[in-house]
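A.B. asks: Return a 3D structure for these sequence lines:
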Amino acid sequence: MRSRATGAFLVALLVSGLASAASKPDEKREHPTLEVGSSPHDELGKDINGEAIKISDHRGKVVIVSFWASWCGPCKKELPVLAGVAKRVGPDQMKIIAINYHDESKPFRMVVDILKDYPITMLRDASGKAARRFEVNAIPRMIVIGRDGKVASDHTGYGESSLPGFIDELNRLLAEKG
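C.D. replies: A predicted model of the protein is given here:
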């Protein structure tokens, strides 16, 4: 089992790769956000095996729900980084749930195949139900949920200026007791 300090260092190292996935900095939010401390919608949809995925099934872990699409340049950079963070931090500490937004089945399946060796749960939101529940109108959109099941933060787009704060936030959430 890795120490939390080692996990934090690895998170800082991997998340720094998000700088190359810049689209819009968080400071210029033009999109609805979930209120910090609120309870997010629990039901997210079904994974590639048809299993219902709920946030509450991962209580006690840091959960990141990321909305993405194959045609979104920053999303294509974000997903492997998040998957790598999850792999290094471990499934007992973190869960990444990646929800495909407005893609056809074939591009979605290609990304699933690419990331099949990573501990990341992939969902396809073909009906847009999950996106509507989370008021997604721009991607990448990442909702970070603490071990207590409450929204810790909500990020739409990325910018280098927001990365140090995101790294600190993730490390703080990982250090909290479940």
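
A.B. asks: Now do the strands in this structure.
C.D. replies: Counting by DSSP state E, the chain has these strands, from start to end: 43-46, 52-54, 62-68, 94-101, 120-125, 141-145, 151-156.

A.B. asks: Those strands: which one's closest to L34?
C.D. replies: Closest approach to L34 among the strands of the chain is made by strand 151-156 (4.6 Å; Cβ to Cβ). Using the backbone N, CA and C atoms, a C-beta is placed for each residue, glycine as well.

A.B. asks: ok, the closest one: who's next to it in the sheet?
C.D. replies: strand 141-145 (antiparallel) (DSSP bridges).

A.B. asks: Which secondary structure elements does the helix ranked longest in the chain sit against?
C.D. replies: Identified as the longest helix of the chain according to DSSP state H is helix 73-89. Applying 3 or more Cβ pairs under 8 Å, 6 or more residues apart in numbering; DSSP states H and E, we find helix 73-89 packed against helix 4-15, strand 62-68, strand 94-101, strand 120-125.

A.B. asks: got the angle for the shortest one vs helix 73-89?
C.D. replies: Using axes from the mean of the first three to the mean of the last three Cα atoms, to 10 degrees, the interaxial angle of strand 120-125 with respect to helix 73-89 works out to 140 degrees.

A.B. asks: average pLDDT across strand 120-125?
C.D. replies: The pLDDT scores in strand 120-125 average 94.

A.B. asks: What is the burial count for the nearest residue to I99 once chain neighbours are set aside?
C.D. replies: Residue nearest to I99 in three dimensions, not counting chain neighbours: L123, with 4.7 Å by Cβ to Cβ, 6 or more residues apart in numbering. Using other Cβ atoms under 10 Å, L123 has 21 other residues around it.

A.B. asks: How about the contacts made by L123?
C.D. replies: 44-48, 53, 97-100, 130 (Cβ atoms under 8 Å, 6 or more residues apart in numbering).

A.B. asks: cutoff 10 Å now
C.D. replies: With contact taken as Cβ atoms under 10 Å, 6 or more residues apart in numbering, L123 is in contact with 44-48, 51, 53, 65, 67, 97-100, 108, 112, 130.
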